[in-house]
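Asker: Coordinates for the following, if possible.
(one chain, ligands or ions: 1)
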Amino acid sequence: MTRSRSDWWRRATIYQVYIRSFADANGDGEGDIAGLLRRLPYLRDLGVDAIWINPWYPSPLNDGGYDVADYRDIDPRFGDLAQAKELIDHAHALDLKVVLDIVPNHSSSEHTWFQDALRAAPGSPERARYIFRDGSGPNGDQPPNNWRSVFGGPAWERITEPDGSPGQWYFHIFDVTQPDLDWTNPEVRDEFLSVLRFWFDLGVDGFRIDVAHGMVKDMEAPDLPYDESNLLDSPQIADHPFFDRDGVHEIYRGWRQVADAYDPPRLFVAEAWVEAPERLARYLRDDELHSAFNFDYLKAAWSAEALRVSIEQSVTVLGSVGAPATWVLENHDVERVVTRYGRTDTTGGTVQQRSDERLFDEDLGRRRARAAALLMLALPGGAYVYQGQELGLPEVIDLPDEALQDPVWERSQHTERGRDGCRVPLPWTSGGPSYGFGPGGSWLPQPAEWGAMSVEAQDGDPGSMLELYRSALRIRNTHAGLASDTITWRDLGSDVLAFDRSDGFVCVVNLGAAPVPLPEHRQVLLTSGPLNADGHLPADTSAWLVTT
Ligand code: NOJ
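Answerer: Next comes the predicted model:
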């Protein structure tokens, strides 16, 4: 319904493909383009409008591909440019849009620019593409300031100069192998405009922008007030020296002009972890980006009040700049929702903010995750589904230490296990090597219960999470009431979220402990779990109704 329109993204359901863990065709244990290509019909049948593919560029994969060594090529582990083109064309033939991931805040230390910088002298044009500074202290052997990497440890690394002497320091918000680019340098700005055009010319429909709130920094700002007991602390202060600075908006105005020069215009979605919906809305002004992940919603607890406040604020504040809200419950950086909603603390966030409780009630989490799926897919705006979310995969919290690959594990001195638990390769079949992920093994070990949660096991089972997503997306794509922008709340008590969309569509979610009666209706379209014998909606259950 929304697919042929140039503003398709306003109501799209976008499926996130973490390519390394999606489907492996060549049996090397890592997913690839050929594997994804074969599985495109699965995604079309699921009912999504687009796929967003995590970085697939040449990379040492020190940070899952967010350490890009060449922005205009494909990592040989995933395929090559010809396969990328084939994938884009094939997706388009199936009516699926393709969104890529662009990583402009930093490159890999293996990028030729950084290698050139290491070989060049301090003050050279090669060094000027990154953020090199002399150290502090009498011998320059202390970092320029106390700023820390988001992954733990100092945000500065000292290099050895080409003559063998101890040298300058470079800045890296993330891993030591992810040096930050200097966005005050016009050469850096021009390079990314050219990278955008390269992929747009190949046919991609848009980009998700990594760390969209980064790039512009105040490198003269003073030391930051860190909590010494938390190695991953990132102070939430106004006027942060390297996040959400006003100067970043000028960059996006330039990017928007590039996207708008294409027919149809290309899309940008921002990954911006900012303080408040008002700050997010600034990225979505008319001449900037199109949409942004709603992390405020992702972080909200499973509570009627918290969710309603988040939904209302997002719809109002983003609506004030003409942007749709874009709902997200999971991605490759946060804990799986089945696990999170099965804990006592149901708030979510990045690795630094997530709960460190080890125990969770998986049945409770799954029931809530089903209800949450119907809530999210009934809201106005776009929605993201992270691969495996439609299967109800839990976080794998017991990966062996030696299997962990996220740099957070080492950099936090083994205090944070990192994000590997939500990146375990998908199970496609009930048995077989790597449960149908591929003909070989899998780069992260899959739990024994993966077979029972596979696509094969859930396919055709009316009680499965997969069939719930399929049914919900079918209705989302065809019911006129879900194509509107309107949402009108009903008051059914403080533990219940209930709202009308247009054309008689009503969504009711019971977040309380006691069953509640459903409002008057003509038909029950879908529920996330069985209704009680008296027709009441049980705890942690959602219903989609039509009243006319
Ligand atoms: C956000 C990405 O989603 C995450 O996976 C990555 O580690 C950081 N940005 C750094 O690129």
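Asker: The helix or strand of the chain with the lowest mean pLDDT and the ligand, any residue contact?
Answerer: Within the chain, no helix or strand scores below helix 407-411, which has a mean of 92 by mean pLDDT, DSSP states H and E. No: Helix 407-411 stays clear of the ligand (Cβ under 6 Å from any ligand atom), getting no nearer than 8.0 Å. C-betas here are computed from N, CA, C, even on glycine.
Asker: list the buried ones in that helix?
Answerer: 407, 408, 409, 411 (16 or more other Cβ atoms under 10 Å).
Asker: Residue 350 is in contact with the second one, correct?
Answerer: No: under the criterion of Cβ atoms under 8 Å, residue 408 makes no contact with residue 350, lying 9.8 Å away.
Asker: Can you give me the end-to-end span of stretch 401-421?
Answerer: In stretch 401-421, first residue to last residue: 11 Å (Cα to Cα, to the nearest Å).
Asker: what about it, distance to the chain center?
Answerer: 19 Å (Cα atoms, centre = their mean, to the nearest Å).
Asker: for that stretch, which positions count as buried?
Answerer: In stretch 401-421, counting by 16+ other Cβ under 10 Å, buried: 404-409, 411-412, 416-421.
Asker: so what's the closest residue to residue 108 other than its chain neighbours up against?
Answerer: Distances taken as Cβ to Cβ, 6 or more residues apart in numbering place residue 67 nearest to residue 108, at 3.9 Å, with adjacent residues excluded. Contact partners of residue 67, counting by Cβ atoms under 8 Å, 6 or more residues apart in numbering, are 59, 60, 61, 103, 106, 107, 108, 109, 110, 175, 177, 178.
Asker: sorry, back to before: and the least confident helix or strand of the chain, C-alpha only, in PDB?
Answerer: Provided in PDB are the C-alpha atoms of helix 407-411 (Å, rounded to 0.1, in the frame of the first residue of the first chain):
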ATOM      1  CA  PRO A 407      35.400  -4.900  21.900                       C
ATOM      2  CA  VAL A 408      33.400  -3.900  25.000                       C
ATOM      3  CA  TRP A 409      34.300  -7.100  26.700                       C
ATOM      4  CA  GLU A 410      38.100  -6.400  26.600                       C
ATOM      5  CA  ARG A 411      37.900  -2.600  26.900                       C
END
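Asker: residues making contact with that helix?
Answerer: Residues outside helix 407-411 that contact it (Cβ under 8 Å, 6+ apart): 62-63, 149, 151-153, 174-175, 177, 231-232, 351, 401, 416-420.
Asker: now the residue nearest to residue 130 when sequence neighbours are not counted: how far from the ligand?
Answerer: With sequence-adjacent residues excluded and distances taken as Cβ to Cβ, 6+ apart, residue 130 is closest to residue 179, at 4.9 Å. Per Cβ to the nearest ligand atom, to the nearest Å, residue 179 is found 12 Å from the ligand.
Asker: List, out of the contacts of helix 407-411, those positioned next to the ligand.
Answerer: For the ligand, the contacts drawn from these by Cβ under 6 Å from any ligand atom are 63, 174.
Asker: Give me the subset of the contacts of helix 407-411 that lies in strands.
Answerer: Using DSSP state E, no member of the contacts of helix 407-411 falls in strands.
Asker: so of the contacts of helix 407-411, which ones are in helices?
Answerer: Among the contacts of helix 407-411, no member falls in helices (DSSP state H).
Asker: hang on, the earlier thing: surely the residue nearest to residue 130 and residue 114 touch.
Answerer: Yes: with contact defined as Cβ under 8 Å, residue 179 reaches residue 114; the gap is 5.5 Å.
Asker: Give me the more crowded residue out of the two.
Answerer: Legend: neighbour count by other Cβ atoms under 10 Å for residue 179 and residue 114, higher for residue 179 (28 against 23).
Asker: pLDDT value on the residue of the stretch 401-548 of the chain found nearest the ligand, please?
Answerer: Going by Cβ to the nearest ligand atom, the ligand is nearest to residue 419 of the stretch 401-548 of the chain, at 6.9 Å. Per-residue pLDDT puts residue 419 at 96.
Asker: That one against residue 406, yeah?
Answerer: Yes: when contacts are counted by Cβ under 8 Å, residue 419 is listed as touching residue 406 (5.0 Å).
Asker: what sits in contact with each of the two?
Answerer: With Cβ under 8 Å, 6+ apart, residue 419 and residue 406 have common neighbours residue 351.
Asker: that older thread, C-terminal to the least confident helix or strand of the chain, what's the next element?
Answerer: Downstream of helix 407-411, the next assigned helix or strand under DSSP states H and E is helix 455-458.
Asker: Any buried residues in whichever helix or strand comes after that next one, and which?
Answerer: Sequence-wise, the next helix or strand downstream of helix 455-458 (DSSP H and E) is helix 465-478. Neighbour counts over helix 465-478 (16+ other Cβ under 10 Å) mark 465, 466, 468, 469, 470, 471, 472, 473, 475, 476, 477 as buried.
Asker: Give me the secondary structure label for the nearest residue to the third one once chain neighbours are set aside.
Answerer: The spatially closest residue to residue 468, leaving aside those adjacent along the chain, is residue 370, at 5.8 Å (Cβ to Cβ, 6+ apart). When the structure is reduced to helix, strand and coil (DSSP: H, G, I helix; E, B strand; the rest coil), residue 370 reads as helix.
Asker: From here on, call the first residue 40.
Answerer: Let's use 40 as the start, then, which means that last one is residue 409.
Asker: which residues touch residue 409?
Answerer: Residues in contact with residue 409 (Cβ under 8 Å, 6+ apart) are 431, 504, 507, 567, 568, 580, 581.
Asker: same question, residue 489
Answerer: Contacts here follow Cβ under 8 Å, 6+ apart; on that basis residue 489 touches 432, 463, 466, 474.
Asker: what helices or strands is the strand or helix carrying residue 288 leaning on?
Answerer: Following DSSP H and E, one finds residue 288 within helix 287-299. Judged by 3 or more Cβ pairs under 8 Å, 6 or more residues apart in numbering; DSSP states H and E, helix 287-299 is in contact with helix 225-241, strand 306-309, helix 316-322.
Asker: most tightly surrounded among these?
Answerer: With neighbours taken as mean count of other Cβ atoms under 10 Å, those reach their highest mean count in strand 306-309, at a mean of 25.
Asker: what residues does the chain put near the ligand?
Answerer: Residues of the chain lying near the ligand (Cβ under 6 Å from any ligand atom): 102, 103, 105, 142, 213, 249, 250, 310, 371, 372.
Asker: which one of these is nearest the ligand?
Answerer: Lowest distance from the ligand to the residues of the chain next to the ligand (Cβ to the nearest ligand atom) belongs to residue 105, with 3.3 Å.
Asker: What about the closest one, how many residues nearby?
Answerer: For residue 105, the neighbour count with other Cβ under 10 Å is 24.
Asker: Report the buried residues of the helix holding residue 288.
Answerer: For helix 287-299, the buried set under the neighbour-count rule, 16+ other Cβ under 10 Å, comprises 287, 290, 291, 294, 295, 297, 298.
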